[in-house]
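Engineer: 3D, please:
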Amino acid sequence: MTASVTSDTSETARGVLAQVFRRMSPADKAAIVEQMSNEARELARCGIRSRHPEYRPDEVEHALHRLLLGDELADRAWPSFTHLRP
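Structural biologist: Numbering: from 1, shown residues only. Predicted coordinates for the structure are as follows:
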């Protein structure tokens, strides 16, 4: 499986990037994945807060869970929460 790189990236830059990733340890790669995941979740939270400024922090988290897990699983995991829109 080949990672997608935007078309504005030169072949030279792609080669350098590939070399950097090949030299990284699995732990370093996992740390990058964790950081990217955390940043994506924070972006999602920002979107939820902008669409629903009335949500309390715990409601933002619940809406994020709904977004990530889907309504059915979120309802099963947190049955006491009302159905909040992400």
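Engineer: Only C-alpha atoms from now on, for both contacts and neighbour counts.
Structural biologist: OK.
Engineer: and stretch 65-84, which residues are buried?
Structural biologist: For stretch 65-84, a neighbour-count test (16 or more other C-alpha atoms under 10 Å) marks 65-67, 71, 74-75 as buried.
Engineer: can you list contacts of it?
Structural biologist: 59, 62-63, 85-86 (C-alpha atoms under 8 Å, 6 or more residues apart in numbering).
Engineer: Longest helix in this structure, please.
Structural biologist: The single longest helix within the chain, with elements called by DSSP state H, is helix 26-51.
Engineer: Return the set of buried residues in that one.
Structural biologist: Across helix 26-51, burial judged by 16+ other C-alpha under 10 Å covers 41, 44-45, 48-49.
Engineer: can you tell me which two in the residues you listed are farthest apart?
Structural biologist: Taking C-alpha to C-alpha, the two most distant members of the buried residues of helix 26-51 are 41 and 49; they sit 12.3 Å apart.
Engineer: So the residue lying farthest from the centre of the chain versus residue 19, what's the distance?
Structural biologist: Relative to the C-alpha centroid of the chain, counting by C-alpha atoms, centre = their mean, residue 12 is the outermost residue, at 28.8 Å. Remark: distance between residue 12 and residue 19 (C-alpha to C-alpha, to the nearest Å) = 11 Å.
Engineer: which intervals of this protein have sub-threshold pLDDT?
Structural biologist: Counting by pLDDT under 70, the chain contains low-confidence residues at 1-6.
Engineer: For the most centrally placed residue in it, give its distance to residue 47.
Structural biologist: Residue closest to the mean C-alpha point of the chain, counted by C-alpha atoms, centre = their mean, is residue 40 at 3.1 Å. Separation of residue 40 from residue 47 (C-alpha to C-alpha) stands at 11 Å.
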